[in-house]
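Trainee: Need coordinates for the below:
(chains A, B, C and D)
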2 protein chains.
Amino acid sequence: MTTIKEVSRRAKVSMATVSRVLNNTVPVAEETRLRVLEAVEALNYKPNAFARGLVTNRSGGIGVVINEISSPFYSGIVRGIEEVAEAKGLHLLVSSGHAQASLERRAVESLKQRRADALILQLEALPDDDLVRWAQGDTPVIVVGRLIPELAGRCVYLDNVAGGYLATKHLIEHGHRQIAHLAGWLAIKDARDRLEGYKRALDDAGLPFDERLVIAGNFTEEGGQRGAEELLARGRPFTAIVASNDQMAAGALHTFRAHGLRVPEDVSLIGYDDVLFARYLFPALTTIRQPLAEMGRAAARLALAALGAEKPKEVTTRFDPVLVARDSVISTADP
Amino acid sequence: MTTIKEVSRRAKVSMATVSRVLNNTVPVAEETRLRVLEAVEALNYKPNAFARGLVTNRSGGIGVVINEISSPFYSGIVRGIEEVAEAKGLHLLVSSGHAQASLERRAVESLKQRRADALILQLEALPDDDLVRWAQGDTPVIVVGRLIPELAGRCVYLDNVAGGYLATKHLIEHGHRQIAHLAGWLAIKDARDRLEGYKRALDDAGLPFDERLVIAGNFTEEGGQRGAEELLARGRPFTAIVASNDQMAAGALHTFRAHGLRVPEDVSLIGYDDVLFARYLFPALTTIRQPLAEMGRAAARLALAALGAEKPKEVTTRFDPVLVARDSVISTADP
DNA sequence: CTGAAAGCGCTTACAG
DNA sequence: CTGAAAGCGCTTACAG
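Mentor: Model (predicted):
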């Protein structure tokens, strides 16, 4: 690896000058500049990021911890983050938290130690307190997926209670009265919020809440399958289901089909997220959309603003769930 | 941020000693060790990664460039990489290449500059030459998704010609004679290889190759939809389709349904990849499986071995496509 | 506009 | 087993 010293030697200038032309910090005589650039080119010089970071205390990277990089849901967020970070020449340091407190903590500490310029955290296990404490450190912290009062303005989130409500209300408006809920993993707040929304919608419509119609799953296709099986086994009649995400809805669809039940003729089904494959299921899945990439972009912009790389423009920080009506819900009167 | 100096002061030892207990490089008297540890704890000291990297020339991170982080296909690979890297305490530096030569090159250069300890590269646009040249540098390079003769043993790949062949042969064995192909983006080698496999299988079966039955798509659901539309519009009769990936198959399924065509009764369909949602489509998609996570793990192990963090165990480097028969293919005799 | 020098926070021979 | 010192490769006041 060539160093700045070799470049300075070749260009017959001091190391300081090389540094100046590379970083564009102060004006340098055009002739000198050219000589330096020529040397840089000829020697294929790349500044050592460690040395630079040691003195500037900047890494040029944004640290991201996301629950599960390989899930279509979370990677949609990462994609949005990447898009804007890349445009600013910042790179990403990504870790998965796997919804485990110890892993989440380790990931954040490691990111801080490596001096990520900003942290975008989508954590599931750690309590708000930890986030608040980290946010008090020198590294700007942006929170995805929760609203923490102390950190308002640094949180990008979607109201999942409203989303659960919206989904349930949609079914109620289609005449359904016995509505089951395939809940997500209740250790995750999103799951609890959607359940809460479901309850409120029932309540507002004067419908009783029946816990036998609620199954806690785990946000996976397989969880949806098992949940649907159990629901069927319980024998409580229902005409519609609110699934806590699209993957569980896909699993439920599968199970119903295996049991000879038709969706939506025999049971209406609504998902949550609107991941890419939702519209390719059969029937095309009615669902609640979360604008994942957009949320990721918002988080990245907030991070850029926090670290001063970008003017703090207006950044939408609160997103609303929107209903995407496709073919998996039908009125009870219809068939 | 506390520094090693403050720790050494508190523990009443030299900085060298602090460094020694933290890195476990040489034996340190137990009593001293405890004092140091106490100070580290009390001061909540975290070594500065830049300073450490500057002298060791190691970052403790593995650089990954992958075509598209948010695609279910690629993120499956990343997940495998992450799994083994995490277990070794190495972090990941991830960039997307977006199948563009300039972005791929930029990503790799950036990773090298940041002194990633090893590079795992899944590139689409750059030619083998670039990979070979990089591999000659000081950073170990592992290649995912191609076999480069000069870098054999450092390549994790799956024979896509064999996969395309396998898919096509499966249809032929079910009596199909007019088999169309929804190709992927032909700028990507995987797409070309699968097409090649398709041709060979036809040839081996004595079936003519008809280019009017081949549509070049782009590996997305939407591409599959459009491809299927065009295929229908061309009016050439066909009884089965080989799609170059599952996402395109999902799109085609959608289009056929819209046209009142049933899969598999009217047209058999086989996908490629076996991404998670493949089995949740209706009909459940027959496809060619790629063991993504396993390939990612293999790449990570190769990287660890290359950088000496792990004994070079036996690592499978070549993977075979396997047929997963589900419900989207039927014999021509059957219906 | 440019150079000499200090310093960022570590690790690692070199002595003892 | 431990300490003093050099050095990793940059950037940034400080002078001129």
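
Trainee: Return the residues in contact with the nearest residue to residue A:200 once chain neighbours are set aside.
Mentor: Nearest residue to residue A:200 in three dimensions, chain neighbours excluded: residue A:165, at 5.5 Å (C-beta to C-beta, 6 or more residues apart in numbering or on different chains). Bear in mind the C-beta positions are built from the backbone N, C-alpha and C, glycine included. Residues in contact with residue A:165 (C-beta atoms under 8 Å, 6 or more residues apart in numbering or on different chains) are A:197-198, A:200-201.

Trainee: can you tell me the helix or strand for residue A:165?
Mentor: Applying DSSP states H and E as the criterion places residue A:165 in helix A:160-173.

Trainee: Show the pLDDT at the residue of chain A found nearest DNA strand C.
Mentor: In chain A, the residue that lies nearest DNA strand C is residue A:27 (2.8 Å; C-beta to the nearest atom of the strand). pLDDT, residue A:27: 87.

Trainee: neighbours around it, how many?
Mentor: Residues near residue A:27, counting by other C-beta atoms under 10 Å in any protein chain shown, number 9.

Trainee: next one: residue A:112
Mentor: Number of residues near residue A:112 (other C-beta under 10 Å) recorded here: 19.

Trainee: what number of residues lie near the nearest residue to residue A:26 once chain neighbours are set aside?
Mentor: In space, and not counting its chain neighbours, residue A:26 is closest to residue A:20: 5.4 Å by C-beta to C-beta, 6+ apart. By other C-beta under 10 Å, 18 other residues sit near residue A:20.

Trainee: just to revisit the earlier point, quick one: pLDDT of the residue nearest to residue A:200?
Mentor: Looking at residue A:165, the pLDDT reads 98.

Trainee: how near is residue A:110 to residue A:127?
Mentor: Separation of residue A:110 from residue A:127 (C-beta to C-beta, to the nearest Å): 20 Å.

Trainee: Break chain A into its domains for me.
Mentor: Following automatic domain parsing, one finds the domains of chain A at A:61-159+A:292-319, A:160-290.

Trainee: Quickly check: the shortest one near DNA strand D or not.
Mentor: Spelled out, that is domain A:61-159+A:292-319. No: figure legend: domain A:61-159+A:292-319 not in contact with DNA strand D (C-beta under 7 Å from any atom of the strand); closest approach 13.4 Å.

Trainee: Need the distance between the two termini of that domain.
Mentor: Start-to-end span of domain A:61-159+A:292-319 (C-alpha to C-alpha, to the nearest Å) is 26 Å.

Trainee: cool, stretch A:259-266 as well?
Mentor: End-to-end distance of stretch A:259-266: 11 Å, with C-alpha to C-alpha as the criterion.

Trainee: How about that stretch and chain B, touching?
Mentor: No: Stretch A:259-266 lies out of reach of chain B by C-beta under 8 Å from any C-beta of the partner chain, never closer than 9.9 Å.

Trainee: pLDDT score for the residue minimising distance to the centre of chain A?
Mentor: Closest to where the C-alpha atoms of chain A average out (C-alpha atoms, centre = their mean) is residue A:77, at 3.9 Å. As predicted, residue A:77 sits at a pLDDT of 93.

Trainee: what about it, is that helix, strand or coil?
Mentor: What DSSP: H, G, I helix; E, B strand; the rest coil gives for residue A:77 is helix.

Trainee: Contact partners for it?
Mentor: Counting by C-beta under 8 Å, 6+ apart, residue A:77 makes contact with A:66, A:122, A:144, A:292-293, A:295-296, A:299.

Trainee: Check residue A:237 too.
Mentor: Neighbours of residue A:237 in contact, by C-beta under 8 Å, 6+ apart: residue A:178.

Trainee: where along the stretch 1-150 of chain A do the helices fall?
Mentor: For the stretch 1-150 of chain A, the helices defined by DSSP state H, counting those that start in this stretch occupy A:4-11, A:15-23, A:30-43, A:49-56, A:72-87, A:101-113, A:128-135.

Trainee: mean confidence for the first one?
Mentor: This points to helix A:4-11. 93.

Trainee: Check whether that helix comes near DNA strand D.
Mentor: Yes: using C-beta under 7 Å from any atom of the strand, helix A:4-11 reaches DNA strand D at A:4-5.

Trainee: same deal with the third one?
Mentor: No: contact of helix A:30-43 with DNA strand D (C-beta under 7 Å from any atom of the strand) is absent, the minimum separation being 10.1 Å.

Trainee: The stretch 1-150 of chain A against DNA strand C: which residues are in contact?
Mentor: Counting by C-beta under 7 Å from any atom of the strand, the stretch 1-150 of chain A sits next to DNA strand C at A:12-17, A:20, A:26-29, A:31-33, A:51, A:54-55.

Trainee: Buried members of the residues you listed into PyMOL, please.
Mentor: To isolate the buried subset of those in PyMOL, counting by 16 or more other C-beta atoms under 10 Å in any protein chain shown, use the following:
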select buried, chain A and resi 13+17+20+28+32+33+54
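
Trainee: How about whatever residue of the stretch 51-200 of chain A ends up closest to DNA strand D: what's its closest non-neighbour residue?
Mentor: Nearest to DNA strand D in the stretch 51-200 of chain A, going by C-beta to the nearest atom of the strand, is residue A:51, at a distance of 3.3 Å. Closest residue to residue A:51 apart from its sequence neighbours, by C-beta to C-beta, 6+ apart: residue B:54 at 5.4 Å.

Trainee: you'd agree the one you found is up against residue A:54?
Mentor: Yes: at 5.7 Å, residue B:54 and residue A:54 qualify as touching, with contact defined as C-beta atoms under 8 Å.

Trainee: A strand includes residue A:225, no?
Mentor: No: according to three-state DSSP, residue A:225 belongs to no strand; its state is helix.

Trainee: ok, it - contacts?
Mentor: Taking C-beta under 8 Å, 6+ apart, we find residue A:225 in contact with A:251-252, A:254-255.

Trainee: Now flag whichever of those residues is closest to residue A:174.
Mentor: Minimum distance to residue A:174 across the contacts of residue A:225 is 17.5 Å, recorded for residue A:252 (C-beta to C-beta).

Trainee: Could you look up the SS state of residue A:241?
Mentor: The three-state assignment at residue A:241 reads strand, by three-state DSSP.

Trainee: That one pairs with what?
Mentor: Assessed by DSSP bridges, residue A:241 has beta-bridge partners residue A:180, residue A:269.

Trainee: Does it touch residue A:253 like I think?
Mentor: No: using C-beta under 8 Å, residue A:241 is not in contact with residue A:253, being 9.9 Å away.

Trainee: so what sits against both of the two?
Mentor: Both residue A:241 and residue A:253 are in contact with residue A:269, where contact means C-beta under 8 Å, 6+ apart.

Trainee: Neighbours of residue A:161, how many?
Mentor: Look at residue A:161: counted by other C-beta under 10 Å, it has 18 neighbours.

Trainee: typed the wrong thing, it's residue A:170
Mentor: Residue A:170 has 20 neighbouring residues, counting by other C-beta under 10 Å.

Trainee: what's near enough to touch it?
Mentor: Residue A:170 makes contact with A:270, A:286, A:323, A:325, A:329 under the criterion C-beta under 8 Å, 6+ apart.

Trainee: near chain B, which residues of the stretch 201-335 of chain A show up?
Mentor: A:221, A:250-251, A:253-254, A:257, A:276-277, A:279-282, A:284, A:293.

Trainee: Please work out how many residues are found near residue A:130.
Mentor: Under the neighbour criterion other C-beta under 10 Å, residue A:130 is assigned a count of 16.

Trainee: contacting residues around it?
Mentor: Listed by C-beta under 8 Å, 6+ apart, the contact partners of residue A:130 are A:105, A:123.
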